[in-house]
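Participant: Just to be clear, the model below is a prediction. Sequence and coordinates:
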Amino acid sequence: MKLKIHEQLSIFVENPVYPSLRNHKLEGGLKDKWSISVEDQLRMVYFFEDDGVITFIDIGTHDEVYGK
């Protein structure tokens, strides 16, 4: 799994809208956050800080990170 996370982060750095990332803005309680897919059910959640820095804050299954 570590290798897949590293691969997806490398893709994200090069092209944050690359299709395999399925990058999307979240809604509801996570409305200021974004998510990328690592694998089928594994997600990484991040946000943009005021200075434009991207900070990843969570990783887990769909249900774990979205609180379902």
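Facilitator: Nice, thanks for sending it over. The model shown is predicted, which means the values in this text are computed figures rather than measured ones.
Participant: Would you agree residue 58 is in contact with residue 47?
Facilitator: No - counting by Cβ atoms under 8 Å, residue 58 stays clear of residue 47, with 10.1 Å between them. From N, CA and C alone the C-beta is placed, and that goes for glycine too.
Participant: what residue ranges in the chain score low on pLDDT?
Facilitator: For the chain, the stretches flagged by pLDDT under 70 are 68.
Participant: What segments of it are strands?
Facilitator: 24-25, 34-37, 42-48, 54-61 (DSSP state E).
Participant: Figure out which of these is closest to residue 13.
Facilitator: Nearest to residue 13, of all the strands of the chain, is strand 54-61, at 9.4 Å by Cβ to Cβ.
Participant: Go through that closest one and flag the buried ones.
Facilitator: Burial within strand 54-61, assessed by neighbour count using 16 or more other Cβ atoms under 10 Å, is assigned to residue 59.
Participant: And it, what does it pack against?
Facilitator: strand 42-48, helix 62-66 (3 or more Cβ pairs under 8 Å, 6 or more residues apart in numbering; DSSP states H and E).
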